[in-house]
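sequence and predicted model, in that order:
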Amino acid sequence: MPTRFRWHHSRCLAPRALQPWLAERGSLTARLVAHYPQFSVRVLRQREQPPHGDELATLQQRRRARVLTRDVLLMSGQTPLVYAHSVATRSAVRGGFRRLKGIGNRSLGSMLFADPTIRRSPLAWRQIDRRHPLWQQAHAAVGPLPARLWARRSLFITGPDRLLVTEVFLPPTF
Ligand SMILES: C=C(O[C@@H]1C=C(C(=O)O)C=C[C@H]1O)C(=O)O
C-alpha cells in the first residue's frame, strides 16, 4: 500500500468537534438524521470497476479484479454532508451483501445494521488530499474543496464476505 494512503487508528489529530463523527460505531445515517433535517441519499454511481490502490489489501483483491463500487452523497436538503464510497467483491455481492445491488437510494446503513450476521471492523481515519482518488471524486461531485479532508473507513464482514465503506466528511458542515 503506498505510504501516503496508510489509514490510522488514532483520531487524536482530528478537530475535537469532528471526533465523535469519526468514532461513531453505529449508523452514520442515523446520526446524521438525528442532527440534520431533510436527510437523503443521492446515488452518484454504482458500477463495477477496479478498486483503488489503498483498498486492495483490505479487500484481499488482486490489482485488476473488478469490484462493485457505490458512490453516494449523504445530503441534508441540498447540502452534501458526506461523500460515501463502498466497495464489495463480486463474491460478496453474490453472497452476504447480495442486497447491495438493489438498494437504490435507501441508506446502506439500513441494510447493514439490520443484519445481525454482519459485524464491523475497527474504524480507521486519515486526512485525504488531492492525490487521493476519493478527494478527486468528491471534488467532481460537489465542486471546490479544501486541500485536505477527514475521512474514515471500516469493513463490514459477514462470513467470508467483506464490504469496505469509506466516508469523507465535507465542508461547510464538517
Ligand atoms: C454504513 C452506513 O451507510 C451509509 C450510507 C451509505 C450508502 O447509502 O451508500 C454509505 C455509507 C454510509 O455513510 C451508515 O449509515 O452507517
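Thanks, I have it.

what helix or strand is residue 45 on?
strand 39-49 (DSSP states H and E).

and that strand, which strands flank it?
strand 67-76 (antiparallel) (DSSP bridges).

just the buried residues of stretch 146-153, please?
149-153 (16 or more other C-beta atoms under 10 Å). C-beta coordinates here come from the backbone N, C-alpha and C atoms, glycine included.

could you list which of the residues you listed belong to strands?
Within those, residues falling in strands by DSSP state E are 149-153.

quick one on the thing from earlier: looking at the buried residues of stretch 146-153, spot the one nearest residue 56.
Closest approach between the buried residues of stretch 146-153 and residue 56, by C-beta to C-beta: residue 153, at 13.5 Å.

what sits against that closest one?
Applying C-beta atoms under 8 Å, 6 or more residues apart in numbering, one finds that residue 153 lies in contact with 7, 123-124, 164-167.

ok, 7 Å please
7, 124, 164-166 (C-beta atoms under 7 Å, 6 or more residues apart in numbering).

hmm, back to that, ok, and for the helix or strand following the strand holding residue 45, which residues are buried?
For strand 39-49, the following helix or strand on the C-terminal side (DSSP H and E) is helix 56-59. For helix 56-59, burial by neighbour count (16+ other C-beta under 10 Å) applies to 56, 58-59.

around the ligand, pick out the residues from this structure.
27-29, 41, 70, 72, 74, 82, 84, 86, 107-109, 112, 165, 167 (C-beta under 6 Å from any ligand atom).

sitting in helices, which of those residues do you find?
Among the residues of the chain next to the ligand, DSSP state H puts 28-29, 108-109, 112 in helices.

which elements pack onto the helix-or-strand element of the chain with minimal mean pLDDT?
Ranked by mean pLDDT, DSSP states H and E, the weakest helix or strand in the chain is helix 56-59, scoring a mean of 84. Other helices and strands packing on helix 56-59, by 3 or more C-beta pairs under 7 Å, 6 or more residues apart in numbering; DSSP states H and E, are strand 161-169.

on that earlier part again, in a markdown table: the ones in helices among the residues of the chain next to the ligand, plus distance to residue 47, pLDDT and neighbour count.
Formatted as a markdown table, those follow (distance: C-beta to C-beta, whole Å; pLDDT from 0 to 100; neighbours: other C-beta atoms under 10 Å):
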| residue | distance to residue 47 | pLDDT | neighbour count |
| --- | --- | --- | --- |
| 28 | 23 | 97 | 22 |
| 29 | 22 | 97 | 20 |
| 108 | 16 | 97 | 23 |
| 109 | 21 | 95 | 21 |
| 112 | 20 | 96 | 21 |
